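# Just the structure for this:
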Amino acid sequence: MRRIAITTGLYVAIGMALLSVASYFVFVNVYNVEISFEQPPEVGDMVRVKMSPLASEVYAKTGFSIEPEIEGELVWHDEQKELHFVPNEGFEPDKEYKVSFNKSSTFSAALPGTSEAFTFSSVSFNRSSPSTGSYIEQNRYIDVNLSTMTLTLIEDGKALKTYPVAGKGNPWTAPTREGTFIIKTKEPNHFSRLSYVWMPWSMQYSGNYFIHEWPHWPNGARITSKYSSGCIRLFPGDAKEVYDWAKVGTTVVVHSTADRLPVFAPSTIESGDLVRERSESNVYIIKKGGNKTFKRHAWTDKFGSWYDHLSPFWQSIKLVQDGSLDEFITSRWVRVDAPSDMPESRYIYELDISSKTRHLMLCGETPLDSFVKPENCDNAWIEHGWPPAEIYTISLDEFNAYAEGEEKILQPSSSVIQ
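Numbers count the residues shown, from 1 in each chain. From the prediction side, this is the model:
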């Protein structure tokens, strides 16, 4: 009986040993990971960690690390059992990074070989003279200027509308390709199987490269990476307008020519636009009222910080043919968008751009009155029969940029006397 007991105990010990060895190999297989560095066009630089069917989000994110540390987002895709790390600013070119994944757990803490490591570097792109493609003067096409980060709709040689480009390919490692292309396909919401992101209002124009709205993960969160790996991103709202205007077969010209700006037809100019004639340096803010159009000199790029819709200043300027602004009336009158308890909010001022001064206007109850007060100028303006749209409303920041000049009696603008 004792011999049988010893034999049984030996079998049990051998069985436990075999079970431990089997468990080790099962663990290694179940928790095996595959790490790679990729640059999908819509997301840009990305580390992909492929995992086993038993992996979980907590397990995946706990085990991931990268050296040197870099800010980015760590996204878990449960359906594919993949962990993606996307750096906010892209990886620095020619710099070595080490991605490690620690597979240790309570079950495996005592087992050897429970980590994976992967080393890579993001290679610099050898930039030669960029190709600017064909410069199309006529017809209907989309102009993408990567130098000014703008996208413009062109029809019959005239610009219809310009939109800011929200993102492009990383200029050091994966720049957006330049040249002349055509829209091949359109999808209201394209899903990328390369990086598992949704790309609203997508228009494929070359290979896996698209014009699309800022992409988002399946959970709805927009990705935080600054660069793509070649796709052209637009802001929400803008992308749908471009999508609705474009057709399959529409030409797309992508270039990086800073001085190649689209020329707008005067009929496309709207109130609030910044406008400059081709051979002139002066930039004007446009305002429309009734059957008249007014222009006011925007003499500094600080207008881009004084008014949100004019930022960035130089990228917001619409170019028109010489002479297009000749019929626009030059305004020198403003009121201030200030709190109602400030007297400046109730007055009309004349701006002298040459001396950068502002002048408080004094007015009677009617144009013929000799007794003048600044609060009477609204009534005097109406009595003169001048167009109210000639008075621009300016921000307090712009108001404070002018020196205070002497007070003046309100006199009519010769160009608008009726």
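# Next one: Q411 from E390, what distance?
13 Å (CB to CB, to the nearest Å). Where you see a C-beta, it was placed from the backbone N, CA and C, and this is true even at glycine.
# what's the answer for K408, then?
Counting by CB to CB, the gap from K408 to E390 is 16 Å.
# So which of those two has more stuff around it?
E390 (21 against 14; other CB atoms under 10 Å).
# Skipping its backbone neighbours, what lies nearest K50 in space?
Among residues not flanking K50 along the chain, E34 sits closest, at 4.2 Å (CB to CB, 6 or more residues apart in numbering).
# so the one you found makes contact with S52?
No. E34 is not in contact with S52 according to CB atoms under 8 Å; the separation is 9.9 Å.
# and P87, what is it in contact with?
Applying CB atoms under 8 Å, 6 or more residues apart in numbering to P87 gives the contacts 45, 70-72, 225.
# Can you list the low-confidence ranges for this structure?
1-31, 105-114, 125-139, 365-370, 412-418 (pLDDT under 70).
# residue nearest the centroid of it?
The C-alpha lying nearest the average C-alpha coordinate of the chain belongs to A166 (CA atoms, centre = their mean; 2.3 Å).
# Endpoint to endpoint, stretch 300-311 covers what distance?
Start-to-end span of stretch 300-311 (CA to CA, to the nearest Å) is 12 Å.
# Tell me which residues of it come out buried.
Residues of stretch 300-311 classed as buried under the neighbour-count rule (16 or more other CB atoms under 10 Å) are 303-304, 306-307, 310.
# Return the subset of those lying in helices.
Where the buried residues of stretch 300-311 overlap with helices, as defined by DSSP state H, the overlap consists of 303-304, 306.
# Remind me which helix or strand the residue nearest to the centre of the chain belongs to.
Using DSSP states H and E, A166 falls within strand 158-167.
# Now do the helix or strand just after that strand: distance to the chain's middle.
Using DSSP H and E, the helix or strand that follows strand 158-167 in sequence is strand 179-182. In terms of CA atoms, centre = their mean, to the nearest Å, the centre of strand 179-182 is found 22 Å from the chain centre.
# go on, stretch 353-364?
The answer for stretch 353-364 is 39 Å, by CA atoms, centre = their mean.
# Give me the neighbour count for the closest residue to T250 other than its chain neighbours.
Once flanking residues are discounted, T250 sits nearest to I183: 4.6 Å by CB to CB, 6+ apart. Look at I183: counted by other CB under 10 Å, it has 21 neighbours.
# contacting residues around I183?
142, 203-205, 246-250, 252.
# Would you show me how to pick out the buried ones of those in ChimeraX?
The following ChimeraX line selects those of the contacts of I183 that are buried, judged by 16+ other CB under 10 Å:
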select :142,203,204,205,246,250,252
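# Dump the contacts of I183 to JSON lines, plus secondary structure and distance to Q321.
Listed next are the contacts of I183 as JSON lines, based on DSSP: H, G, I helix; E, B strand; the rest coil; distance: CB to CB, whole Å:
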{"residue": "I142", "secondary structure": "strand", "distance to Q321": "21"}
{"residue": "M203", "secondary structure": "strand", "distance to Q321": "30"}
{"residue": "Q204", "secondary structure": "strand", "distance to Q321": "34"}
{"residue": "Y205", "secondary structure": "strand", "distance to Q321": "29"}
{"residue": "A246", "secondary structure": "coil", "distance to Q321": "25"}
{"residue": "K247", "secondary structure": "coil", "distance to Q321": "27"}
{"residue": "V248", "secondary structure": "coil", "distance to Q321": "32"}
{"residue": "G249", "secondary structure": "coil", "distance to Q321": "29"}
{"residue": "T250", "secondary structure": "coil", "distance to Q321": "24"}
{"residue": "V252", "secondary structure": "strand", "distance to Q321": "24"}
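# Distance of Y196 relative to E79?
As judged by CB to CB, Y196 and E79 stand 8 Å apart.
# out of the two, which sits in the more crowded spot?
Neighbour count, other CB under 10 Å: between Y196 and E79, Y196 has more, with 18 against 7.
# That one is in contact with P218, isn't it?
Yes. Using CB under 8 Å, Y196 is in contact with P218, at 6.7 Å.
# follow-up on the earlier one: I'd like to know which elements the strand holding A166 is packed against.
Here strand 158-167 is seen to pack against strand 150-155, strand 232-234, helix 238-245, strand 263-264, strand 317-320 when contacts are counted using 3 or more CB pairs under 8 Å, 6 or more residues apart in numbering; DSSP states H and E.
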